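Asks: build me a model:
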Amino acid sequence: MARMVGTVVGLPRRARRHYDGVVVASRVLAFSGLVALVGMLPWLSANDPALTILRATSDEREPTPEALEAIRERLGLGDGPLGSIGHWLGGVLRGDLGTSWVSGGDVAPGTLDAFSVSLGLMGAALLVSLLVATLLTLPAMRAGLRGEPRPRGGAVAALLTSLPEYLLAPVLLLTLAVYAGLLPPYGWGRAAQVVLPALTLGLPGGGLLGGLLADAVTATFNERWVATWTTTGISRAALARAVLRRALAPLCGQVGLVVVGLTGGAVATEQIFAIPGIGRTLLSSATAQDVPSLQAGILLLLALAVGVGALAELVRRWLLGAAVGTPLPAPPPVRRPGRSAGVIAVLGSLVLMGMVCAGIGRNPLATGYERLEVPSLALPLGGDALGRDVLARVAHGAVSTTTTALVVCLACFLVAMLVGLVPRAAMGFTEVANAAPPVLAGLVVAAVTGPSALGAAVAVGCVAWAPLASHAGSLVREVRQRPDVALAPVLGEGRARITLTRVVPAIAPPLARHAALRLPGIALALAGLGFLGLGAQAPTPDWGLALAEALPYIERAPWAVAAPASALVALAVTAVATSRVNMSVERRRGVGDG
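Replies: Numbers count the residues shown, from 1 in each chain. The predicted structure follows:
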């Protein structure tokens, strides 16, 4: 990031204006395209909205062409896609969020009520996240004030970050509600019912923020100005405030993304704990293909994202004060351990391979066992609610999920290669895709095509390319500054030849390594959509689907939940550990953070 900022600042004023203009145009076009996509959902849906509304509002009325045409005119569908978007936006400006295709009623009251519930849950989860982040940052702050060297990263932060909400929720439900009996397992309305969902959402967010902030504090203490301030005899409290302010400024955007994710990414949490929030409402709308309800929910989430982003920018400017607009120096590299992460990555891979090897030869569809049969020699991981072999379903689910993830990963790699060649023009689209959780894309795809494994793959691919494209853009900028590439036009080489013979071969290997690291995360996202019913459908063996099918029987047959959950935990921890090993290797090779 520092390299990119330095590159932009070093450009002539006219070139900087052109750069900023392209970026702003890209962002405006991307946001406008997203709004247009939401507005066109009725046209993209496979269902006829007029027929759907007619059946929802009247059982006796015949679907005559005249009746259907009248409904289409009322919905603004008679003037084509552009007319539909204009009609929808006009209604939004008047406070009309549309008519439900399922109930035939106004979607605004129910959507706003659900959104207010999610905002309350977000507030509670944010408190948990801030508390966890504070606890994770304190050791780094203490070590910095004492002048003690401290390696970058932390096992606790990595573990919390690696656990997706749909996996953490059953674990907390099983331990704190079922076994310990300390908290109510389901519902909403009482203070005690907020604790489990707030922990489910807040712990991963706190792990992410705590890890980032602890690393930033450690890096800030290595900057030269800290040593200068220390020699002048400044108090520890003043130094701690200055370091925290410097470390927080570049993380404001990440905090904003976490806040938005706590609201929009709470679909699984609200579904598991039966919370009537916007996530659960969106899931119901997508499953029923109730496009107007889905449009209203997504619009509220977009408004929240814009508002939180603007607030995060204001906070960043306040933290920087007079330094706003001044390129800050990149912090010195901090030591990062790689041996323990490598051991964890190997162990996690061995666990997954062991599960696959033990169960791949077994039948995942046969129902010849007792329902919820306890583990035994014949059934090492027990049976599920239909009497199927859990080990077989986990093993075959690993193969199907990994195969799909490989295809999605390859597609994202190719898209990132193409997009990375035009980083300025694609910046807005990259930012929008990077900020959207896979579940939101899954909801949109499910509303159009219905839930399916292919739809889940398309949804994950729609957002998973963005981090790779950002990396590709950074690599392209670095390669184009190399002396041999800068001198190539003087030697008579055209732009296309330079790109194909010099730029692409230079960026492909590191981008391929990055794509390989994204593979476990893509698999987790696919499993998450399967868990929500937006991915593979029964009886397909899928990790997320197996976890969702076993969850209602968590009290009677915890082993049915523990098996797919253990596989997902192993995959998540392996993903985080592998990424840390790669970052350690890149540092030893002399690759910076930019």
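
Asks: name the helices or strands packed onto the helix or strand hosting Ala358?
Replies: Per DSSP states H and E: Ala358 is located in helix 339-359. Where contact means 3 or more Cβ pairs under 8 Å, 6 or more residues apart in numbering; DSSP states H and E, helix 339-359 is packed against helix 390-420, helix 558-588. Yep, even glycine has a C-beta here, placed from its N, CA and C like the rest.

Asks: what angle separates it from helix 390-420?
Replies: Inter-element angle recorded for helix 339-359 and helix 390-420: 130 degrees (by axes from the mean of the first three to the mean of the last three Cα atoms, to 10 degrees).

Asks: what mean pLDDT would you report for helix 339-359?
Replies: Across helix 339-359, the average pLDDT comes to 77.

Asks: re earlier: how about CSV for the helices and strands packed on helix 339-359, with mean neighbour count added?
Replies: Below are these laid out as CSV (neighbours: other Cβ atoms under 10 Å):
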stretch, mean neighbour count
helix 390-420, 21
helix 558-588, 21
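
Asks: sec struct for Val255, please.
Replies: Classification of Val255 by DSSP: H, G, I helix; E, B strand; the rest coil places it in helix.

Asks: what is the burial count for it?
Replies: Neighbourhood size, Val255 [other Cβ atoms under 10 Å]: 24.

Asks: next one, pLDDT for it please.
Replies: On the pLDDT scale, Val255 is placed at 79.

Asks: looking at the helices and strands packed on helix 339-359, which is nearest to Met122?
Replies: Closest approach to Met122 among the helices and strands packed on helix 339-359 (Cβ to Cβ): helix 558-588, 23.0 Å.

Asks: now the helix or strand hosting Gly455: buried residues?
Replies: In the assignment (DSSP H and E), Gly455 maps to helix 453-480. By neighbour count on 16 or more other Cβ atoms under 10 Å, the buried set for helix 453-480 is 453, 455-480.

Asks: and the angle from that helix to helix 390-420?
Replies: 40 degrees.

Asks: now what about the next helix-or-strand element following helix 453-480, what contacts it?
Replies: Using DSSP H and E, the next helix or strand after helix 453-480 towards the C-terminus is helix 483-487. Helix 483-487 is touched from outside by 479-480, 498, 502-503, with contacts defined as Cβ atoms under 8 Å, 6 or more residues apart in numbering.

Asks: what about 10 Å?
Replies: 478-480, 491, 493, 498-499, 501-503, 506 (Cβ atoms under 10 Å, 6 or more residues apart in numbering).

Asks: looking at those residues, which two lie furthest apart in space?
Replies: The widest separation within the contacts of helix 483-487, taken as Cβ to Cβ, falls between Glu478 and Leu491 and amounts to 20.6 Å.

Asks: returning to that earlier point: the helices and strands packed on helix 339-359: which one's closest to Ile272?
Replies: helix 558-588 (11.3 Å).

Asks: quick check, Leu213 in contact with Ala249.
Replies: No: using Cβ atoms under 10 Å, Leu213 makes no contact with Ala249, being 11.3 Å away.

Asks: have a look at those two and say which one is more surrounded.
Replies: More neighbours surround Leu213 than the other of Leu213 and Ala249, with 23 against 20 (other Cβ under 10 Å).

Asks: what sits against Thr228?
Replies: Ile234.

Asks: which SSE is it in?
Replies: Of the helices and strands defined by DSSP H and E, Thr228 is found in helix 224-231.

Asks: could I get the buried residue list for that helix?
Replies: Residues Val226 are the ones in helix 224-231 that count as buried (16+ other Cβ under 10 Å).

Asks: and that helix, how far from the chain's centre?
Replies: Averaging C-alpha positions (Cα atoms, centre = their mean, to the nearest Å) puts helix 224-231 38 Å from its chain's average.

Asks: what is whichever helix or strand comes after it packed up against?
Replies: The helix or strand immediately downstream of helix 224-231 is helix 236-248, counting by DSSP H and E. Helices and strands touching helix 236-248, by 3 or more Cβ pairs under 10 Å, 6 or more residues apart in numbering; DSSP states H and E, are helix 108-146, helix 192-221, helix 224-231, helix 291-320.

Asks: what angle separates the shortest one from helix 108-146?
Replies: For the pair helix 224-231 and helix 108-146, the angle between their directions (the same axes, to 10 degrees) equals 60 degrees.

Asks: from now on call the first residue 795
Replies: OK, 795 is where the count begins now, so the last one is helix 1018-1025.

Asks: can you give me the mean pLDDT across helix 1018-1025?
Replies: Helix 1018-1025 comes out with an average pLDDT of 84.

Asks: report the rounded mean pLDDT for stretch 858-877.
Replies: Averaging pLDDT along stretch 858-877 gives 72.

Asks: got it, and stretch 1036-1043?
Replies: The average pLDDT for stretch 1036-1043 rounds to 86.

Asks: then it to PDB, C-alphas only?
Replies: Below are the C-alpha coordinates for stretch 1036-1043, written out as PDB (Å, rounded to 0.1, in the frame of the first residue of the first chain):
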ATOM      1  CA  ALA A1036       0.300   8.500  19.900                       C
ATOM      2  CA  VAL A1037       1.200   5.000  18.800                       C
ATOM      3  CA  LEU A1038      -2.400   3.800  19.000                       C
ATOM      4  CA  ARG A1039      -3.600   6.800  17.000                       C
ATOM      5  CA  ARG A1040      -0.900   6.100  14.300                       C
ATOM      6  CA  ALA A1041      -1.800   2.400  14.200                       C
ATOM      7  CA  LEU A1042      -5.600   2.900  14.100                       C
ATOM      8  CA  ALA A1043      -5.600   5.400  11.200                       C
END
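
Asks: now do that stretch: distance to the chain's middle.
Replies: Offset of stretch 1036-1043 from its chain centre (Cα atoms, centre = their mean): 26 Å.
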